[in-house]
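1. Fold the following.
(2 chains)
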Amino acid sequence: MVELSHDSRPIIGRGPPLTAYFLTLAAISVGLMVADHRYHQIDRIRESLSRVIYPMQRAVDFPFRATDWVTGSFADRSRLRQENLALTARLRLANLQLQRFAVLEEENRRLREMRANTAAIAEKVLVASILNVDLDPFRHRVLLDKGAADGVFKDQAVLDGDGIFGQVSKVNASTAEVILISDAEHAIPVQSNRSGVRTIAVGTGDQNKLSLPFVTVESDLQAGDLLLSTGMGGVFPPGYPVAQVSKVKRAGSTFALVEAKPTARLDQAREVLLVWFKPRAEPAPATADAPPTSSSTRVDEPAAVAPPAQAGGE
Amino acid sequence: MFARRLLYWISMAAGLVLAIVPLPGWLDPFRPDLALLAMIYFVLTSPRIAGLGYAWLSGLFLDVLRGMVLGQHALGFLVVGYLTHKLQLRMRMFPIVQQAVIVMLLLGLYHFLMFWIDGLTGHGFTGWVRWLPVLSGALLWPLVVALGDSLTRRTS
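-> Modelled structure (predicted):
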């Protein structure tokens, strides 16, 4: 039973008129929502509020980080040694590939310079860790521990070691919200590595599935095709893996039913990379002023696979 | 009196923290709106201190925490706080089960508002799963009352 407290209020005639107060605050709320949703005018209010909120997010994250640290520092020696050996082996392999990539990259750049087309290559990479904070069970968003103070900006591309992860949707003072490529509100332009077919991969709300709703029945896509980002729209750097086609069903008369599995580990990643890159100097005129080579532009795109190796160049 | 005020703000912070703590996947849809339940409890017991401003601020912080449209939860909390204020003299007399039913109606209204605003801003998720917190919140109400009563008795 809720008990009466000592400040129990007289029934009549004291306190501010409740309904007027209610209506004022309600009007302010509606005003805020309209300003936020329609005009994106109140980022400053949000940012100052997020400063108050930040300690809470840190507090929620802290136990997870602490257990990580404890298990990390008490890991037994043999396991560390094993891990070390495995990593050394992987690094050797990666270095070997990197040598080849360096040559290819150089060649690629020269070719692109000839076409006066600046290659879009990641220039700067910042490692951010994902805070253990649950935003909304129905939307695929995560919170990073880097924000405006670290130079993070809205719509910045976010990658993990295996592919494209998402893009920054909101920037706060010291945190940033990322929308994953699997969120139902997210779409990313992609291109098949094998056939060069361009389309759009839309999130489904399932972390292991993207859907490609605009693929015609005739288009050349097969299960197993790797889908790369095209760099159109200037948000994502071109040539990074996005997803692998997992299912193609040519049942209807116009559009095929195509599904793909994201290559990035959306549900497991703890650390992701924020990428700064130079967007390509407008691709549209480049193809327009060189109509004879228009057939080669399609082939040229997959060749632009930037090695994901510049990750080292912080 | 100061201890009281402190208690309100601490429980608001606790409710907000519990709103973003990661839960295991199957439990996640059931996550009760503890910040909202705490707000209802305090508006019932001490409406002079924990008024509409308190309710509105809790909601606003929740908006920032969850990255929603600013004002969405604030409006929801405000509406629920206002109705609780209007109903408080009656609700205090109710036995706990009847109170839980009223709380369930309030939570239902709150989630309907959220659903509606989500739809307007283009985040509509229409699965039935989104109504589970209404149930879990109503079931938790007696616990919230018991906890709140023991805490307020200690501070006053």
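2. Just want the residue of chain B that's nearest chain A.
-> As assessed by CB to the nearest CB, chain A sits closest to B:Gly71 within chain B, at 3.5 Å. Using the backbone N, CA and C atoms, a C-beta is placed for each residue, glycine as well.
3. so where does B:Thr126 fall, helix or strand?
-> Under DSSP states H and E, no helix or strand contains B:Thr126.
4. Now it, what are its backbone angles?
-> Per-residue torsions, B:Thr126: phi -100, psi 0 (degrees, to the nearest 10).
5. Return the residues in contact with the residue of chain A found nearest chain B.
-> Nearest residue of chain A to chain B: A:Leu32, at 3.5 Å (CB to the nearest CB). Contacts for A:Leu32 (CB atoms under 8 Å, 6 or more residues apart in numbering or on different chains) come out as A:42, A:45, B:70-71, B:74.
6. Can you report how many residues lie near the residue of chain B closest to chain A?
-> 27 (other CB atoms under 10 Å in any protein chain shown).
7. Kindly report the same for A:Met33.
-> Residues lying near A:Met33 (other CB under 10 Å) number 22.
8. In contact with the closest residue to it other than its chain neighbours, which residues?
-> Leaving aside its chain neighbours, A:Met33 sits nearest to B:Gly71 (4.0 Å; criterion: CB to CB, 6 or more residues apart in numbering or on different chains). By CB under 8 Å, 6+ apart, B:Gly71 lies in contact with A:28-33, A:36, B:60, B:63.
9. please redo it, this time with the cut-off set to 6 Å
-> A:29, A:32-33 (CB atoms under 6 Å, 6 or more residues apart in numbering or on different chains).
10. Over to it: give its phi and psi.
-> For B:Gly71, the backbone dihedrals (degrees, to the nearest 10) come out as phi 110, psi -20.
11. State the distance from it to B:Ile117.
-> 9 Å (CB to CB, to the nearest Å).
12. where's residue 49, which helix or strand?
-> Picking chain A for this. According to DSSP H and E, A:Leu49 maps onto helix A:43-73.
13. What's the mean pLDDT across that helix?
-> The average pLDDT for helix A:43-73 rounds to 83.
14. Apart from its neighbours in sequence, what residue is nearest residue 138?
-> Defaulting to chain A. Nearest residue to A:Phe138, sequence neighbours excluded (CB to CB, 6+ apart): B:Phe125, at 4.1 Å.
15. hmm, I had chain B in mind actually
-> Leaving aside its sequence neighbours, B:Ala138 sits nearest to B:Met104 (CB to CB, 6+ apart; 3.6 Å).
16. picking that back up, relative to A:Ala27, how far out is the residue of chain B closest to chain A?
-> If you go by CB to CB, the gap between B:Gly71 and A:Ala27 works out to 10 Å.
17. which residues touch the residue nearest the centre of chain B?
-> Here the mean C-alpha position of chain B is nearest to the C-alpha of B:Leu36 (CA atoms, centre = their mean), at a distance of 0.8 Å. By CB under 6 Å, 6+ apart, B:Leu36 lies in contact with nothing.
18. and if we set it to 10 Å?
-> B:Leu36 makes contact with B:15, B:19, B:55, B:58-59, B:62, B:73, B:76-77, B:80-81, B:103, B:106-107, B:110-111, B:133, B:137 under the criterion CB atoms under 10 Å, 6 or more residues apart in numbering or on different chains.
19. out of the residues you listed, which are inside helices?
-> Counting by DSSP state H, the contacts of B:Leu36 place B:15, B:19, B:55, B:58-59, B:62, B:73, B:76-77, B:80-81, B:103, B:106-107, B:110-111, B:133, B:137 in helices.
20. before we move on, back to that, ok and the helix or strand that the helix holding A:Leu49 is followed by relative to helix A:43-73, angle-wise?
-> Per DSSP H and E, the first helix or strand lying C-terminal to helix A:43-73 is helix A:77-114. Using axes from the mean of the first three to the mean of the last three CA atoms, to 10 degrees, one finds that helix A:77-114 and helix A:43-73 are set 140 degrees apart in direction.
21. Packing partners of helix A:77-114?
-> helix A:294-303 (3 or more CB pairs under 10 Å, 6 or more residues apart in numbering or on different chains; DSSP states H and E).
22. pLDDT on the helix it packs on, on average?
-> Here the average pLDDT along helix A:294-303 is 37.
23. Which parts of chain A are strands?
-> A:122-131, A:141-144, A:157-160, A:163-171, A:176-180, A:187-192, A:198-203, A:210-212, A:226-229, A:241-249, A:257-262, A:271-277 (DSSP state E).
24. Using CSV, list the CA coordinates for the second one.
-> Read it as strand A:141-144. Taking C-alpha atoms only, strand A:141-144 is exported to CSV below (Å, rounded to 0.1, in the frame of the first residue of the first chain):
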residue,chain,number,x,y,z
ARG,A,141,22.4,1.0,-32.9
VAL,A,142,25.6,1.0,-30.8
LEU,A,143,27.4,3.7,-28.8
LEU,A,144,31.1,4.3,-29.3
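25. For the residue nearest to A:Leu266 when sequence neighbours are not counted, give me the pLDDT.
-> Leaving out its chain neighbours, the residue that sits closest to A:Leu266 by CB to CB, 6+ apart is A:Gln207, at 4.7 Å. Here, the pLDDT recorded for A:Gln207 equals 84.
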